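> Provided below are the primary sequence and the corresponding predicted coordinates.
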Amino acid sequence: TQLLEQSPQFLSIQEGENLTVYCNSSSVFSSLQWYRQEPGEGPVLLVTVVTGGEVKKLKRLTFQFGDARKDSSLHITAAQPGDTGLYLCAGAGNNDMRFGAGTRLTVKP
Amino acid sequence: DAGVTQSPTHLIKTRGQQVTLRCSPKSGHDTVSWYQQALGQGPQFIFQYYEEEERQRGNFPDRFSGHQFPNYSSELNVNALLLGDSALYLCASSSLTDRGGLELFFGSGTQLSVL
């Protein structure tokens, strides 16, 4: 059972389009992270958000932590084929990180 | 500076066999966590080791056990393999003194196939 629900599960878009993916939970987290995973590799940390309402930007990626610290979103502007991958959110549990099932993004040239 | 290294990269076993997977953490890290990632799913937390002891455990049966050595490297052992144990096994290292241990660095994983 996934504690964190991610949507959509799959997303296929054209290069240059914008997109938003979501991470929702009924639990409150002290922090939440976003990772990207490419085939045959382990997840790579993109960002950690800690404060409710916090917004962080990483080039074309914008991350937001919900005010109640139960949800988060990732917005990508002008997606590129290099953005293709599995985007995972993870919430800080008790001495560990718990992951959602991910959103598999495909950006077509 | 070597990152997290895992071995082997691929492994094929049959039901009932036992398997040992190995992980060397990133230099300077003292904590190792193990995750199981089934096809199409996110990583599921198995357990975490710190100071050679199991610090936290996820919802996995006792067939899954581990060990951490004085040099911080770690092993994951799975006994009596089942078909459902087929998955990518990921090792992640972190440091409790750095961001409270929440910044995980993952290896590339061991792909285990149980036939």
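Received, thanks.
> how many other residues sit next to the nearest residue to residue B:74 once chain neighbours are set aside?
Leaving aside its sequence neighbours, residue B:74 sits nearest to residue B:32 (C-beta to C-beta, 6 or more residues apart in numbering or on different chains; 4.1 Å). (C-beta placed from N, C-alpha, C; glycine too.) Counted with other C-beta atoms under 10 Å in any protein chain shown, the neighbours of residue B:32 add up to 29.
> Which helix or strand contains residue B:32?
According to DSSP states H and E, residue B:32 maps onto strand B:31-37.
> How about the secondary structure of the residue of chain A found nearest chain B?
When you check chain A against chain B by C-beta to the nearest C-beta, the closest residue turns out to be residue A:42, at 2.9 Å. For residue A:42, the reduced secondary structure class is coil; criterion used: DSSP: H, G, I helix; E, B strand; the rest coil.
> ok, it - contacts?
For residue A:42, the contact set (C-beta atoms under 8 Å, 6 or more residues apart in numbering or on different chains) comprises B:4, B:90, B:92, B:106-109.
> Look up the pLDDT of it for me, please.
The model reports residue A:42 with a pLDDT of 94.
> Confirm that residue B:84 sits in a helix.
Yes: assessed by three-state DSSP, residue B:84 belongs to a helix.
> Report the contact partners of residue B:46.
Residues B:33-36, B:57-58, B:60, B:64, B:66, B:76 are the ones in contact with residue B:46 under the rule C-beta under 8 Å, 6+ apart.
> what's the closest of those residues to chain A?
Within the set of the contacts of residue B:46, residue B:33 lies nearest chain A; the separation is 6.2 Å, counting by C-beta to the nearest C-beta.
> for chain B, what spans make up the strands?
B:5-7, B:10-13, B:19-24, B:31-37, B:44-50, B:53-57, B:64-68, B:74-78, B:87-94, B:105-106, B:110-114 (DSSP state E).
> right, so of those, which gets closest to residue A:100?
strand B:44-50 (11.0 Å; C-beta to C-beta).
> The residue nearest to residue A:65 when sequence neighbours are not counted: what's it in contact with?
Taking C-beta to C-beta, 6+ apart as the measure, residue A:65 lies nearest to residue A:49, with 3.8 Å between them; neighbours along the chain are not counted. By C-beta under 8 Å, 6+ apart, the residues touching residue A:49 are A:31-33, A:56, A:63-65, A:72.
> which of those are buried?
Among the contacts of residue A:49, those buried by neighbour count (16 or more other C-beta atoms under 10 Å in any protein chain shown) are A:31-33, A:63-65, A:72.
> Point out the other helices and strands that the helix or strand bottoming out on mean pLDDT in chain A packs with.
None of the helices or strands of chain A scores lower by mean pLDDT, DSSP states H and E than strand A:97-99, at a mean of 88. When contacts are defined as 3 or more C-beta pairs under 8 Å, 6 or more residues apart in numbering or on different chains; DSSP states H and E, strand A:97-99 sits against strand A:85-92, strand B:44-50.
> Adding distance to residue A:79 and mean pLDDT, write those strands out as JSON lines.
Supplementary listing: the helices and strands packed on strand A:97-99 in JSON lines, determined by distance: least, C-beta to C-beta, whole Å; pLDDT from 0 to 100:
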{"stretch": "strand A:85-92", "distance to residue A:79": "11", "mean pLDDT": "94"}
{"stretch": "strand B:44-50", "distance to residue A:79": "29", "mean pLDDT": "94"}
